[in-house]
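Undergrad: have a look at this prediction, sequence included:
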Amino acid sequence: MALWPLIAIALHRQNSSAAIGFALGLLAENQHPLPETLLNAIRKACDEWQNGVQEIATADLISAMGLARELSYL
C-alpha cells in the first residue's frame, strides 16, 4: 500500500518510468493481495509499458489510480 503514494507523486512529476517501476512492486508476491480488478489494471499498464506503448500505459496507470482511490488504497 505504501507504493500508491509514490506512484501518485511520480505521475504528478510526469515520471512515468518511475511510476511503472513502483507499480511493478505492487505485483510482487510479498505484497498485500489486491482486488482482482485493481490487479488487472496494474498488470495491463505494466504490460503496455513493456510492449513500448508508454503513453497508453501511463493513461492506464492513471486510471488504475482512480480505481485505487475508489477502493481506499490511496
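TA: Nice, thanks for sending it over.
Undergrad: and the residue nearest the centre of the chain?
TA: The centroid of the chain falls nearest to A23 when counting by C-alpha atoms, centre = their mean (4.0 Å).
Undergrad: OK, contacts around that residue?
TA: Each residue near A23 by C-beta atoms under 8 Å, 6 or more residues apart in numbering is listed here: L3, I7, I42, A45, C46, L61, A64. C-beta: built from backbone N, CA, C; applies to glycine.
Undergrad: look up the closest residue to it, ignoring the ones flanking it.
TA: Distances taken as C-beta to C-beta, 6 or more residues apart in numbering put I42 closest to A23, at 5.3 Å, once the chain neighbours are dropped.
Undergrad: same question, T58
TA: Distances taken as C-beta to C-beta, 6+ apart put S16 closest to T58, at 4.4 Å, once the chain neighbours are dropped.
Undergrad: returning to what we had before: so where does the residue nearest to A23 fall, helix or strand?
TA: Using DSSP states H and E, I42 sits within helix 36-50.
Undergrad: tell me how far that helix lies from the chain's centre.
TA: Remark: helix 36-50 is offset 7 Å from the chain centroid, using C-alpha atoms, centre = their mean, to the nearest Å.
Undergrad: show me what the helix or strand that that helix is followed by is packed up against.
TA: Reading on from helix 36-50 to the C-terminus, the next helix or strand found by DSSP H and E is helix 54-70. In terms of contacts (3 or more C-beta pairs under 8 Å, 6 or more residues apart in numbering; DSSP states H and E), helix 54-70 is packed against helix 3-12, helix 16-26, helix 36-50.
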